[in-house]
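Asker: Got a predicted model here, sequence first, then my questions.
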Amino acid sequence: MFLKLIIFLTVFFFGEITFNLTWFPYIKNYFSNIPPEKTTREKEKRFFFLDISISKGLLERMVLYLGLTLGISQILIVFGAIKIGSRFDKSAKVLNDYFIIGNFSSILIAIFYWYCYNKCIILSSQ
């Protein structure tokens, strides 16, 4: 049990460092030409010493990864419903492409973590 927890946290920790240093800066730079009126004020806020957008991304991938690891695949449906529901604020304008690419990236990364976790568990049991 303890070994599974260590593997779970190791996969998440190294994955987050890797993707937060490579993929997410690439997406942010790609969409950096978004006019100021189409961006949100999230850049000003901080949560646990990180930008709020990074904190939200870490949390959503952790929830997805934990749900998939525990065999609760319905977490993908919950994730979709929460993401759609959180975009009903008519005053915030978010570029649709940025929103879709970011959400699909989070889902794919969480599935990748789950896949790595399962492979590590299989290797450790042999």
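Answerer: On my side now, so go ahead.
Asker: only C-alpha atoms for contact and neighbour calcs from this point on.
Answerer: Noted.
Asker: what's the following helix or strand after the one helix or strand residue 83 maps to?
Answerer: Using DSSP states H and E, residue 83 maps to helix 75-85. Next helix or strand after helix 75-85 toward the C-terminus (DSSP H and E): helix 96-125.
Asker: what distance separates that following helix from the centre of its chain?
Answerer: 9 Å (C-alpha atoms, centre = their mean, to the nearest Å).
Asker: and it, which residues are buried?
Answerer: For helix 96-125, the buried set under the neighbour-count rule, 16 or more other C-alpha atoms under 10 Å, comprises 102-103, 105-107, 109-118.
Asker: what do you get for stretch 57-77?
Answerer: For stretch 57-77, by 16+ other C-alpha under 10 Å, it's 57-58, 60-69, 75.
Asker: Go through the residues you listed and name the one nearest residue 98.
Answerer: Distance to residue 98, by C-alpha to C-alpha, is smallest for residue 57 among these, at 13.6 Å.
Asker: which residues sit in contact with the closest one?
Answerer: Contact analysis of residue 57 by C-alpha atoms under 8 Å, 6 or more residues apart in numbering lists residue 106.
Asker: Can you give me the distance of it to residue 103?
Answerer: Note on residue 57: its distance to residue 103, by C-alpha to C-alpha, to the nearest Å, is 9 Å.
Asker: helices or strands next to the helix holding residue 83 in the packing?
Answerer: Judged by 3 or more C-alpha pairs under 8 Å, 6 or more residues apart in numbering; DSSP states H and E, helix 75-85 is in contact with helix 52-69.
Asker: Kindly recompute the last result at 6 Å.
Answerer: Of the remaining helices and strands, none touches helix 75-85 by 3 or more C-alpha pairs under 6 Å, 6 or more residues apart in numbering; DSSP states H and E.
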